[in-house]
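In: this is a predicted model, with the sequence first.
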Amino acid sequence: MTGKQWNVGIIGCGHIFDAYARLSAVFKPIRLVACADVDMAAAERRGKQYGLSALSASDLLARQDIDVVINLTNPASHATVTEAILKSGKHAYTEKPLALTMADADHLLEVARQNGRLIGSAPDTFLGGAHQAARRLVDEGKLGIVKSGSAHFMNHGMEHWHPNPFPYFQVGAGPVLDMGPYYMTALVALLGPVRRVIAMASKFFEERHVTAEGPAKNTSVPVTTPTTSQALLEFSSGAQIHFSVSYDNWGHGHTNPIELHGTNASLMVPDPNYFGGGLTLIDAGGRHAIDTAKTVFGNLNWQEPAGATISNYRGLGLADLLVAAESGQAPRASGDLSRHVLEVLLAIIKSAEIGEFVEIKSTVERPAPLSEDDAALLKSADAPSNFAA
């Protein structure tokens, strides 16, 4: 790695833009230079806030000095915008999901190949200190053979805090496609590809009442997709994982978002929506707490509006992709990985509809682990250590 900086643009100036823009200063390869949105006022507001050129999407893609573009548009636009990025001769990194259909996902990978560009996709939380620590324990055989486990995401939706919750309750979203990528990507990175799934799904409410501040307050959101799904996943390794996601629960007692149970030990893994957190390994010798707060991308650096301080390194996957573009190696948060994850998530939705097992046609290699030495190479020497709310 030569330390090259790449000029980066962002299309989509909505809710998640702030995290990507602020955290871009953490990563050595990233130089954020421009932003675009269908709402030019939003682009101009963000441009002024961060010292960026505010452009239309077409003008941003026409800029010859921009090497890579982050796609932060709504999920329904991901495939179209990512294709335009690739065809403009730029590398593409998109928020999850990669696309909403397998046909679109396959097309994007082919467009990337034809244009000699790389395509990457969030989530990149599996590259954080906590999840890489879990990966090392699995790879070192501390768990023995992983036979079973569980992954749970449960809350009561976002209509009480998100100013525009409508897309989350529509076809193409719901908890499977919105939150599922975090959990499924973490599981595939730890255990390898999924072989088949079977699932059931439901929705508790036909509409949701918005109480969050903003233009949508006191309106109702029609629910057109399942908001609770239960699935059983069989991995090619033989591991069987119970996967449960819901926007309908008032509370739950699942203190460990991911649990893996092997022939030698059990491992409690923290929330894959974040980069850090503590792990617990339980074996014949007892319980062993593993602190990851001092890892490169596991230390606490981001204060949430509610006051909690978390590990937040959104953009880590992009930084890794840029190093891969320079070195010729495969990016870790790759299009191939996100394509497999998408197929699994869509299979969960399909299985719930037809009441049968759905076989997963694709396979994928686990992304290479990210060592602490390699992680340190991605981090800027003068990176801010704390981001206040």
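Out: Cool, got the structure. Residues are numbered from 1 along each chain as shown.

In: which stretches of the stretch 51-200 of the chain form helices?
Out: Using DSSP state H, counting those that start in this stretch, the helices of the stretch 51-200 of the chain run over residues 57-62, 78-87, 102-114, 129-139, 174-178, 180-191.

In: buried residues, the longest one. List them.
Out: In this case it means helix 102-114. Residues of helix 102-114 classed as buried by neighbour count (16 or more other C-beta atoms under 10 Å): Met102, Asp104, Ala105, Leu108, Leu109, Val111, Ala112. Where you see a C-beta, it was placed from the backbone N, CA and C, and this is true even at glycine.

In: pipe these into TSV and attach distance to Val323 and pLDDT per row.
Out: Output for those, formatted as TSV (distance: C-beta to C-beta, whole Å; pLDDT from 0 to 100):
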residue	distance to Val323	pLDDT
Met102	29	98
Asp104	27	98
Ala105	24	98
Leu108	21	99
Leu109	20	99
Val111	22	99
Ala112	17	98
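
In: which two of these have the greatest separation?
Out: Maximum pairwise distance in those, criterion C-beta to C-beta, is 15.7 Å, between Met102 and Ala112.

In: the residue lying closest to Thr211 once chain neighbours are set aside and Glu213, how far apart?
Out: If the residues on either side of it in the chain are set aside, Thr211 comes closest to His160, at 4.9 Å by C-beta to C-beta, 6 or more residues apart in numbering. As judged by C-beta to C-beta, to the nearest Å, His160 and Glu213 stand 10 Å apart.

In: who's more crowded, these two?
Out: His160 (13 against 9; other C-beta atoms under 10 Å).

In: re earlier: closest to Leu232 out of the helices of the stretch 51-200 of the chain?
Out: Going by C-beta to C-beta, the one of those nearest Leu232 is helix 180-191, 12.7 Å.

In: mean pLDDT lowest where, among the helices of the stretch 51-200 of the chain?
Out: Lowest mean pLDDT within those: helix 174-178, at a mean of 93.

In: for that helix, name the packing helices and strands.
Out: On a contact count with 3 or more C-beta pairs under 8 Å, 6 or more residues apart in numbering; DSSP states H and E, helix 174-178 meets strand 228-235, strand 240-246, helix 335-354.

In: go again using 7 Å as the cut-off
Out: Counting contacts by 3 or more C-beta pairs under 7 Å, 6 or more residues apart in numbering; DSSP states H and E, helix 174-178 is packed against strand 240-246, helix 335-354.

In: contacts for it?
Out: 97, 153, 168, 225-227, 229, 245-247, 345, 348-349 (C-beta atoms under 7 Å, 6 or more residues apart in numbering).

In: so among those, where is pLDDT lowest?
Out: Among the contacts of helix 174-178, pLDDT bottoms out at Tyr168, giving 87.

In: can you tell me the number of residues neighbouring that residue?
Out: Around Tyr168 there are 24 residues (other C-beta under 10 Å).

In: touching, it and Met158? I think so.
Out: Yes: assessed by C-beta atoms under 7 Å, Tyr168 is found in contact with Met158 at 5.9 Å.

In: give the buried residues for stretch 336-343.
Out: So, applying 16+ other C-beta under 10 Å, buried residues of stretch 336-343: Asp336, Leu337, Ser338, Arg339, His340, Val341, Leu342, Glu343.

In: would you format the residues you listed as a markdown table with distance to Leu191 included?
Out: Shown next, in a markdown table, are the buried residues of stretch 336-343 (distance: C-beta to C-beta, whole Å):
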| residue | distance to Leu191 |
| --- | --- |
| Asp336 | 16 |
| Leu337 | 13 |
| Ser338 | 17 |
| Arg339 | 17 |
| His340 | 12 |
| Val341 | 12 |
| Leu342 | 17 |
| Glu343 | 16 |
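
In: before we move on, back to that, give me phi/psi at the residue nearest to Thr211?
Out: The phi and psi values for His160, taken as degrees, to the nearest 10, are phi -90, psi -10.

In: quick one: terminal-to-terminal distance for stretch 3-22?
Out: 20 Å (C-alpha to C-alpha, to the nearest Å).

In: tell me the mean pLDDT over it?
Out: 95.

In: ranges for the helices of the stretch 251-389 of the chain?
Out: 316-327, 335-354, 372-378.

In: ok, which of those comes nearest Val194?
Out: Of all the helices of the stretch 251-389 of the chain, helix 335-354 comes closest under C-beta to C-beta, at 4.7 Å.

In: tell me the centre residue of the chain?
Out: Nearest to the mean C-alpha position of the chain, by C-alpha atoms, centre = their mean, lies Pro123 at 1.6 Å.

In: pretty sure that residue is touching Pro97, no?
Out: No: taking contacts as C-beta under 7 Å, Pro123 lies outside contact range of Pro97: 9.8 Å.

In: please enumerate the shared neighbours of the two.
Out: Pro181.

In: what's the separation between Ser77 and Pro369?
Out: In terms of C-beta to C-beta, Ser77 sits 33 Å off from Pro369.

In: more neighbours, those two?
Out: Ser77 (17 against 14).

In: report the buried residues of the helix or strand hosting Glu44.
Out: If you go by DSSP states H and E, Glu44 is part of helix 40-50. Of the residues in helix 40-50, Ala42, Ala43, Glu44, Arg46, Gly47, Tyr50 count as buried by neighbour count, 16+ other C-beta under 10 Å.

In: spatially nearest residue to the last one (excluding sequence neighbours)?
Out: The reference is to Tyr50. Using C-beta to C-beta, 6+ apart, the closest residue to Tyr50 is Ala21 (5.0 Å).

In: isn't the one you found right up against Leu32?
Out: Yes: the criterion here is C-beta under 7 Å, and Ala21 meets it with Leu32 at 6.2 Å.

In: common neighbours of those two, please.
Out: Tyr50.

In: show me the domain layout of this protein.
Out: 6-124, 125-311+335-359 (automatic domain parsing).

In: adding distance to Leu377, write the ones you listed out as JSON lines.
Out: Converted to JSON lines, those look like this (distance: least, C-beta to C-beta, whole Å):
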{"stretch": "domain 6-124", "distance to Leu377": "7"}
{"stretch": "domain 125-311+335-359", "distance to Leu377": "9"}
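
In: noted, bye for now.
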